[in-house]
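K.L.:
The sequence and its predicted three-dimensional model are supplied below.
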Amino acid sequence: MSRSRDAPQAAGRPNGGAFPGSPDPNNTGRNSSPFERYTERTVKRLRAIIHDRRSRALPSPPSDIIADLTRLERRRFSGRTRDVVDIAKWLHELLDEYHVLGIASGESDRQQVLYVSRFLDGNAAEWYYMNVSDIDQEVEDWSFPGLDVAMYKTFVDARVLARQTAATKRSATLALASGR
């Protein structure tokens, strides 16, 4: 009977051998090359990522939600825009789609964090991968509001925000002054 590469290792035996201290059958006795060490680290990292994602897995959504997700024409956020209005429109459309999918409530927070990746492209998708779904993320369990705030702070230039806020205040003041 052969042992699966993904089978857990025997307790106390780093190489999974039949008895403590048994030799690792994959070790030929020679020093491994930098490439082999790099490959080994990469494989360990990939397995750790899979383990991490499986440990945080959500129950499968009903098939009608999956069908709805694939049919929706999505407005995607790429991180290229610095316009607060564009980001707000994207967020509203995202929340509307969450409502259609039945995951708009605060009780669906984890699903919202997971599904937001389907509405991202470019720099925003890369940011999501590095900060939310990667095993080395700083925040272990993101909340949907926390994720939105972090994306907002990452992709909105503070100077643009200040100009837009000032322009909005000026137009509101002018509208009040003109009696509209």
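P.N.:
It's in. Residues are numbered from 1 along each chain as shown.
K.L.:
and after the helix or strand bottoming out on mean pLDDT in the chain, which helix or strand comes next?
P.N.:
Every helix and strand of the chain was ranked by mean pLDDT, DSSP states H and E. The lowest is helix 63-71, at a mean of 65. Under the assignment DSSP states H and E, the closest C-terminal helix or strand after helix 63-71 is helix 84-101.
K.L.:
which parts of that following helix are buried?
P.N.:
In terms of neighbour count (16 or more other C-beta atoms under 10 Å), helix 84-101 has its buried residues at 84, 87, 90-91, 93-94, 97-98, 101. Yep, even glycine has a C-beta here, placed from its N, CA and C like the rest.
K.L.:
In the longest helix anywhere in the chain, which residues are buried?
P.N.:
Assignment by DSSP state H gives helix 34-55 as the longest helix of the chain. For helix 34-55, burial by neighbour count (16+ other C-beta under 10 Å) applies to residue 52.
K.L.:
Return the alpha-carbon coordinates of that helix using PDB.
P.N.:
Output of helix 34-55 as PDB, limited to C-alpha atoms (Å, rounded to 0.1, in the frame of the first residue of the first chain):
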ATOM      1  CA  PRO A  34      19.200  25.600  -4.000                       C
ATOM      2  CA  PHE A  35      16.500  24.800  -6.700                       C
ATOM      3  CA  GLU A  36      15.400  21.700  -4.700                       C
ATOM      4  CA  ARG A  37      15.200  23.700  -1.500                       C
ATOM      5  CA  TYR A  38      13.200  26.400  -3.300                       C
ATOM      6  CA  THR A  39      10.900  23.800  -4.800                       C
ATOM      7  CA  GLU A  40      10.300  22.200  -1.400                       C
ATOM      8  CA  ARG A  41       9.600  25.500   0.200                       C
ATOM      9  CA  THR A  42       7.200  26.400  -2.600                       C
ATOM     10  CA  VAL A  43       5.300  23.100  -2.300                       C
ATOM     11  CA  LYS A  44       5.000  23.500   1.500                       C
ATOM     12  CA  ARG A  45       3.700  27.000   1.000                       C
ATOM     13  CA  LEU A  46       1.100  25.800  -1.600                       C
ATOM     14  CA  ARG A  47       0.000  23.100   0.700                       C
ATOM     15  CA  ALA A  48      -0.300  25.600   3.600                       C
ATOM     16  CA  ILE A  49      -2.400  27.800   1.400                       C
ATOM     17  CA  ILE A  50      -4.700  25.000   0.600                       C
ATOM     18  CA  HIS A  51      -5.000  23.900   4.200                       C
ATOM     19  CA  ASP A  52      -5.600  27.500   5.300                       C
ATOM     20  CA  ARG A  53      -8.400  28.100   2.700                       C
ATOM     21  CA  ARG A  54     -10.000  24.700   3.500                       C
ATOM     22  CA  SER A  55     -10.000  25.500   7.200                       C
END
